[in-house]
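Participant: Need a 3D model of the following:
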Amino acid sequence: MTLKVTDGQRGKWAVLQVSGEMDLVTSPVLRQRVHDAVADGRRSLVLDLSGVVFCDSSGVGVLIATRRLIRSCQGRLRLILPPERTPMGVRGPGSTGRAQGAHVNRVLGALGVRRLFEVHPDVASAVAADPDDDEEAGPLSA
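Facilitator: Sure, this is the predicted structure:
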């Protein structure tokens, strides 16, 4: 399986939708897309990891490096990570009870680094305006 990264924009937020496997071979794709977004002047970034089915240490390394890069630019980073289990009654036929993309949530939790990230269940909640949000906090250039 490969890694697919799709660019999007929601208000001031650049949204990178990530799906597939984040491993030693594919993680550089995400790293480059993050660097491209920052080079384009985007400082408010959402990484939607709900479509990621596997993440190894190199994938975690890219997430930590992304956090460091965004912080160095006085930007904001938010991750979309589904919970480990889907709510009762939402499971479809053949479902294992695990939400797609929950693997990253488990990996970050097991490594003790999940607390480093601002995590949201979906893009809508991630891009919602903060009460103390201002134009200086994360300007985006189109």
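Participant: helix/strand/coil for Glu21?
Facilitator: strand (DSSP: H, G, I helix; E, B strand; the rest coil).
Participant: That one - nearest residue in space that isn't next to it in sequence?
Facilitator: Nearest residue to Glu21, sequence neighbours excluded (Cβ to Cβ, 6 or more residues apart in numbering): Phe54, at 4.2 Å. C-beta: built from backbone N, CA, C; applies to glycine.
Participant: cool, Arg33 as well?
Facilitator: According to Cβ to Cβ, 6+ apart, the nearest residue to Arg33 is Val5 (4.7 Å).
Participant: List the backbone torsions phi and psi for the residue most central in space within the chain.
Facilitator: The residue lying closest to the centre of the chain (Cα atoms, centre = their mean) is Leu47, at 2.4 Å. Main-chain torsions, Leu47, degrees, to the nearest 10: phi -110, psi 110.
Participant: mind checking which helix or strand of this structure has the lowest mean pLDDT?
Facilitator: Here the helix or strand of the chain ranked lowest by mean pLDDT, DSSP states H and E is helix 102-111, holding a mean of 87.
Participant: Show residues contacting that helix.
Facilitator: With contact meaning Cβ atoms under 8 Å, 6 or more residues apart in numbering, helix 102-111 is reached by 22, 49, 52-55, 59-60, 63, 81-85, 114, 117, 119.
Participant: Just the C-alpha atoms of that helix, please, in CSV.
Facilitator: Extracted as CSV, the C-alpha positions of helix 102-111 are listed here (Å, rounded to 0.1, in the frame of the first residue of the first chain):
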residue,chain,number,x,y,z
ALA,A,102,-7.3,4.6,14.8
HIS,A,103,-4.0,2.8,14.4
VAL,A,104,-2.1,6.1,14.5
ASN,A,105,-4.0,7.1,17.7
ARG,A,106,-2.9,3.8,19.4
VAL,A,107,0.7,4.2,18.2
LEU,A,108,1.1,7.8,19.5
GLY,A,109,-0.6,6.8,22.8
ALA,A,110,1.7,3.7,23.2
LEU,A,111,4.8,5.9,22.6
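Participant: Just give me how far it sits from the chain centre.
Facilitator: Chain-centre distance of helix 102-111: 13 Å, with Cα atoms, centre = their mean, to the nearest Å.
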